[in-house]
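**Student:** What follows is a predicted structure for the sequence shown.
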Amino acid sequence: MGLFHRKKSADGTPGSSRAIAREAEEYLIDWLSTRHGVEIYTEPRTSVSGPTMLLVAHDGEFTRRSVRHPEDAEKFAREQALPIYDATVIGYPQRMRDYSRKQTILKKRNRSG
C-alpha cells in the first residue's frame, strides 16, 4: 500500500494514513472494474496540490487521486496493466474534455427543467 497521499478525515483530524491509502486504492480498483479503456495520466506537484494521477475511461469519464510520488502512479499502472502517460508531455485526451462539457450541459438542462 502507501501509494496515496495522506489526507485529513472529514472532521479535519488526521486519519490513519494506511486506512486512507487502502480506501483510495479500493475506490480506484472498484472504479476500474466498471469501466474499460482506462489510461492513467500523471500530473506534477503544483503550488496548490501535490502530485496526482488521473484515470480516464474510454468515454472520457475520469477520476483523480493524490499520490505521494509520480512513481507510485507508475507502480499502480503496472499492477493494473494500464498505460500511463505524463500529462505535462502529451496533454489530456480530447474525450475527457468532451465528457466534462457534456456533463456541464446535462447539469444545466436538469436545473432548468
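**Tutor:** On my side now, so go ahead.
**Student:** just so I have it, where are all the strands in the protein?
**Tutor:** For the chain, the strands defined by DSSP state E cover 39-43, 52-56, 62-66, 84-86.
**Student:** Restrict the first one to CA atoms and write it as CSV.
**Tutor:** Extracted C-alpha coordinates of strand 39-43, given in CSV (Å, rounded to 0.1, in the frame of the first residue of the first chain):
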residue,chain,number,x,y,z
GLU,A,39,-5.5,5.2,-19.2
ILE,A,40,-3.5,6.9,-16.4
TYR,A,41,-2.1,10.4,-16.6
THR,A,42,0.4,11.7,-14.1
GLU,A,43,0.2,15.3,-13.0
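**Student:** Paired strands for it, with orientation please.
**Tutor:** Applying DSSP bridges to the sheet, strand 39-43 is found paired with strand 52-56 (antiparallel), strand 84-86 (parallel).
**Student:** and stretch 70-80, what's its mean pLDDT?
**Tutor:** The pLDDT scores in stretch 70-80 average 94.
**Student:** The residue lying closest to Met53 once chain neighbours are set aside: neighbouring residues, count only.
**Tutor:** Leaving aside its chain neighbours, Met53 sits nearest to Ala73 (3.7 Å; criterion: Cβ to Cβ, 6 or more residues apart in numbering). C-beta coordinates here come from the backbone N, C-alpha and C atoms, glycine included. Using other Cβ atoms under 10 Å, Ala73 has 26 neighbouring residues.
**Student:** For the most centrally placed residue in the chain, which non-adjacent residue is spatially closest?
**Tutor:** Residue closest to the average C-alpha location in the chain (Cα atoms, centre = their mean): Arg64, at 2.0 Å. Take Arg64 and drop its neighbours on the chain: the residue closest to it by Cβ to Cβ, 6+ apart is Leu54, 4.8 Å away.
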